[in-house]
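Chemist: Fold the following for me, if possible:
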Amino acid sequence: MSDVTHAHQNRSVGAIVRTAAEGFHSWWTRRHGHAPPASDTAARSLPPEQQTGPSADSALWRMRTTVRDEPGSLAVLCAALAERRVDILSLQTHPLAEGTVDEFLLRAPGELMATELDRVVSRAGGADTWMERADAHDLVDAPTRVLGLAARTALDAAELPLALRQLLGRCTIRQRPAAPVGGGRATEGVSGGGVAVDGVAVEGVPDQGVPVEGVLEDTVMRLRAPEGGVIAVERPYLPFTPTEFARARALVELDGLLGPRLPRGRDVLTLPEGNEITVRRADERDLEAAKAMHQRCSPATLGRRYHGPVGDADRYLGHLLSPRFGRTLAVQTASGRIVGLGHLLWDGDETEVALLVEDKWQRRGIGAELLERLVGMAAQAGCASVYAVTQASNTGMVAAMRGLGLPLDYQVEEGTLVITARLGGGSARERGELSGAGEVGRFEAP
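Modeler: Residues are numbered from 1 along each chain as shown. Sure thing, here's the model as predicted:
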């Protein structure tokens, strides 16, 4: 154990080196902002009924515990784990002002219960212990994982929320806009496709008072968004460490340095009547073209999409097109005119899909095409389900959801129909494996 003791004594230097290298109505009012879907991790201990090990010979666990920053303290903990035939596969250290948070990936005997493992760690000097089941994805070492997340972020601005989620585990990520100079309010509780910007802008306080270096407060971190405003990350039960804060800030800074960017891939498809359309990713740079499509849509079409005053429809587009809140696919004609938009919006641990197709282009399969691609993207992001908010009279949307071939749940709330599709299995398209020449909507989620 001498080597382990030596590593513990030099944990602060190691941490610095690693850090440098890794560097609607009332129904809708309860939904605030959009956050990426849940990842494989959960920032909380298992409930009592799940505190037993599997019947398999061994089980993987992720564990965090705080030990005294003294020579030999880590050695005592490692020895205690070894006595119970627990193998330490990887170890990260997070130095604090008092003590050190050690994060382990463990392989334990299958019959070893989580409660018993917790007792072993406590008797060996560990405090504030947290653990959860792990899987093969967690076998990737931290520097490799962080570099992969940085590469994804560099290729696609829309990857930042998911990268932060994969970096920090299950957490809620909300982006609040910068306060408008001279006061005013941010858009709140807007019905229609989950267009809710969380929080009210504070008059005369741009970026809500968050300094450039950000703020870390126990289970909440706030970072200055590259385009202005604040990215707020909250993780219940498990406080963030300064090391995690530094990694998250480095990802956000990388995003800001690279500026707006989206994958260039696009698919050219031929409709049954012979017209060619192009499906591609879209963002705020398509705002004017999207507004022009709004002008060509009938009030009935806009009303079915936004569930509110059609005169307000243009105000929602900036939020919908922002890669911070999800993914947008655009359908354009050979002349370059946008005739359809599909949105995949992060809504806490849920995911919404929403469609708008210009009147004269409806009933040609465009909506179904967009929906299948959005569902494929959701499946790759690890979403368990997607939901659509519509009206019973919107037969096109209802038919498109049924056409997915997935189990559907129907619920009527405040006169609004909510259709939820449960993901899993299904066709290649539903798993996110898009056909065609381009890479439209394709992104890898570990």
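
Chemist: What confidence value was assigned to Glu414?
Modeler: At Glu414, the model reports a pLDDT of 75.

Chemist: next one: Thr301
Modeler: 91.

Chemist: That one sits in which helix or strand?
Modeler: Using DSSP states H and E, Thr301 sits in helix 299-306.

Chemist: Mind listing residues that contact that helix?
Modeler: 191-193, 195, 294, 310, 312-313, 316, 354-359, 362, 390-391, 393-394, 397 (C-beta atoms under 8 Å, 6 or more residues apart in numbering). Just so you know, the C-beta spots here come from the backbone N, C-alpha and C atoms, and that holds for glycine as well.

Chemist: With stretch 315-324 instead?
Modeler: By C-beta under 8 Å, 6+ apart, stretch 315-324 touches 156-158, 160-161, 175, 187, 190, 192-193, 195, 197, 225, 231, 262, 282-284, 286-287, 290-291, 294, 306, 325, 328, 341, 343, 345, 354.

Chemist: Mind checking which of those residues land in strands?
Modeler: 175, 231, 328, 341, 343, 345, 354 (DSSP state E).

Chemist: Give me the buried entries from those residues.
Modeler: Burial by neighbour count, judged by 16 or more other C-beta atoms under 10 Å, picks out 175, 231, 328, 341, 343, 345, 354 from the ones in strands among the contacts of stretch 315-324.

Chemist: Among those, which has the minimum pLDDT value?
Modeler: Gln175 (78).

Chemist: Find me the pLDDT at the closest residue to that residue other than its chain neighbours, would you?
Modeler: In space, and not counting its chain neighbours, Gln175 is closest to Arg324: 4.7 Å by C-beta to C-beta, 6 or more residues apart in numbering. For Arg324, the pLDDT comes out at 78.

Chemist: Kindly export the lengthiest helix in the chain (C-alpha atoms) in PDB.
Modeler: The residue-count maximum for a helix in the chain (DSSP state H) belongs to helix 242-258. Provided in PDB are the C-alpha atoms of helix 242-258 (Å, rounded to 0.1, in the frame of the first residue of the first chain):
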ATOM      1  CA  PRO A 242     -13.800  22.900  -7.200                       C
ATOM      2  CA  THR A 243     -12.300  20.400  -9.700                       C
ATOM      3  CA  GLU A 244     -15.700  19.800 -11.300                       C
ATOM      4  CA  PHE A 245     -16.300  23.500 -11.400                       C
ATOM      5  CA  ALA A 246     -13.000  24.100 -13.200                       C
ATOM      6  CA  ARG A 247     -13.800  21.400 -15.800                       C
ATOM      7  CA  ALA A 248     -17.300  22.700 -16.500                       C
ATOM      8  CA  ARG A 249     -16.000  26.300 -16.800                       C
ATOM      9  CA  ALA A 250     -13.300  25.100 -19.200                       C
ATOM     10  CA  LEU A 251     -16.000  23.500 -21.500                       C
ATOM     11  CA  VAL A 252     -18.000  26.700 -21.400                       C
ATOM     12  CA  GLU A 253     -15.000  28.800 -22.200                       C
ATOM     13  CA  LEU A 254     -14.100  26.500 -25.200                       C
ATOM     14  CA  ASP A 255     -17.700  26.900 -26.500                       C
ATOM     15  CA  GLY A 256     -17.300  30.700 -26.300                       C
ATOM     16  CA  LEU A 257     -14.000  30.700 -28.100                       C
ATOM     17  CA  LEU A 258     -15.300  28.700 -31.000                       C
END
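
Chemist: Would you mark the buried spots in it?
Modeler: Buried residues in helix 242-258, counted by 16+ other C-beta under 10 Å: 243-255.

Chemist: was I right about Glu273 contacting Arg364?
Modeler: Yes - here Glu273 reaches Arg364: they are 7.1 Å apart, a contact under C-beta atoms under 8 Å.

Chemist: Comparing the two, which shows the higher neighbour count?
Modeler: Neighbours per residue (other C-beta atoms under 10 Å) separate Glu273 from Arg364, with Arg364 holding more: 17 against 6.

Chemist: Quick one: low-confidence residue ranges for the chain.
Modeler: Low-confidence segments of the chain (pLDDT under 70): 1-56, 178-208, 348-349, 425-446.

Chemist: In it, what residue spans correspond to helices?
Modeler: 2-9, 11-22, 25-28, 73-83, 114-123, 142-155, 160-168, 242-258, 287-296, 299-306, 313-321, 366-380, 395-402.

Chemist: Let's have those helices in CSV, adding distance to Arg133.
Modeler: Output for these, formatted as CSV (distance: least, C-beta to C-beta, whole Å):
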stretch, distance to Arg133
helix 2-9, 25
helix 11-22, 25
helix 25-28, 34
helix 73-83, 17
helix 114-123, 8
helix 142-155, 18
helix 160-168, 17
helix 242-258, 20
helix 287-296, 43
helix 299-306, 41
helix 313-321, 36
helix 366-380, 22
helix 395-402, 33
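
Chemist: With respect to Val220, which of those helices lies nearest?
Modeler: helix 242-258 (10.6 Å; C-beta to C-beta).

Chemist: Against Leu162, how distant is the nearest residue to Val86 once chain neighbours are set aside?
Modeler: Among residues not flanking Val86 along the chain, Ala108 sits closest, at 4.6 Å (C-beta to C-beta, 6+ apart). According to C-beta to C-beta, to the nearest Å, Ala108 and Leu162 sit 30 Å apart.

Chemist: same thing with Arg327?
Modeler: For Arg327 relative to Leu162 (C-beta to C-beta), the value is 10 Å.

Chemist: Ok, Thr219 next?
Modeler: Taking C-beta to C-beta, one finds Thr219 at 20 Å from Leu162.

Chemist: more crowded one of those two?
Modeler: Leu162 (24 against 15).

Chemist: I'd guessed the more buried one sits against Gly382; true?
Modeler: No - if you go by C-beta under 8 Å, Leu162 and Gly382 don't touch, sitting 9.1 Å apart.

Chemist: The buried residues of helix 242-258 into a markdown table, with extra columns for distance to Ser298?
Modeler: Formatted as a markdown table, these follow (distance: C-beta to C-beta, whole Å):
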| residue | distance to Ser298 |
| --- | --- |
| Thr243 | 54 |
| Glu244 | 49 |
| Phe245 | 49 |
| Ala246 | 52 |
| Arg247 | 49 |
| Ala248 | 45 |
| Arg249 | 47 |
| Ala250 | 48 |
| Leu251 | 43 |
| Val252 | 41 |
| Glu253 | 45 |
| Leu254 | 43 |
| Asp255 | 38 |
